[in-house]
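Asker: missing the sequence, but the structure's below:
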């Protein structure tokens, strides 16, 4: 999605660089600047949506990971209270 938005931006910039003498000869700087600004606006709009979607997914996956950790620890901790003394070394009591 971002690559398709960058393509017109890079192509218009390359066209201006290739034909800068023609652009200046016909005083078309403002026309090319307007086209360039429109391409930049389209690119930034797509980048904004991409960024907000990534942040939304990051928040959801962080919440899901916290929930999974809480659930597994809330089930493990009560079970660890019933461990015999001979198995206590495996819980980190050796250091």
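Answerer: Arrived safely, thanks for sending. All figures in this text were calculated on a predicted structure; none of them were measured in a lab. Residues are numbered from 1 along each chain as shown.
Asker: Rounded mean pLDDT for the helix or strand encompassing residue 51, please.
Answerer: Residue 51 is part of helix 29-80 when elements are defined by DSSP states H and E. Mean pLDDT, helix 29-80: 91.
Asker: Give the other helices and strands that it contacts.
Answerer: Secondary-structure packing of helix 29-80 (3 or more C-beta pairs under 8 Å, 6 or more residues apart in numbering; DSSP states H and E): helix 2-18. Backbone N, C-alpha and C define where each C-beta goes, glycine included.
Asker: Can you tell me what sits against the helix or strand following the helix it packs on?
Answerer: Remark: after helix 2-18, the chain's next helix or strand is helix 20-25, criterion DSSP H and E. Contact with helix 20-25 is made by 16, 29, 32, as judged by C-beta atoms under 8 Å, 6 or more residues apart in numbering.
Asker: Dump the residues you listed to JSON lines, plus neighbour count and distance to residue 66.
Answerer: Formatted as JSON lines, the contacts of helix 20-25 follow (neighbours: other C-beta atoms under 10 Å; distance: C-beta to C-beta, whole Å):
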{"residue": "16", "neighbour count": "17", "distance to residue 66": "50"}
{"residue": "29", "neighbour count": "12", "distance to residue 66": "54"}
{"residue": "32", "neighbour count": "16", "distance to residue 66": "51"}
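Asker: Buried residues, stretch 49-63. List them.
Answerer: Within stretch 49-63, no residue is scored as buried using 16 or more other C-beta atoms under 10 Å.
Asker: before we move on, what about stretch 15-34?
Answerer: The neighbour-count check on stretch 15-34 (16+ other C-beta under 10 Å) flags 16, 23, 32 as buried.
Asker: same thing with stretch 5-13?
Answerer: By neighbour count on 16+ other C-beta under 10 Å, the buried set for stretch 5-13 is 5, 8, 9, 12.
Asker: Setting aside sequence neighbours, what's the nearest residue to the third one?
Answerer: Of all residues not flanking residue 9 in the chain, residue 39 sits nearest, at 4.2 Å (C-beta to C-beta, 6 or more residues apart in numbering).
Asker: Equivalent analysis for residue 1, please.
Answerer: residue 46 (5.8 Å).
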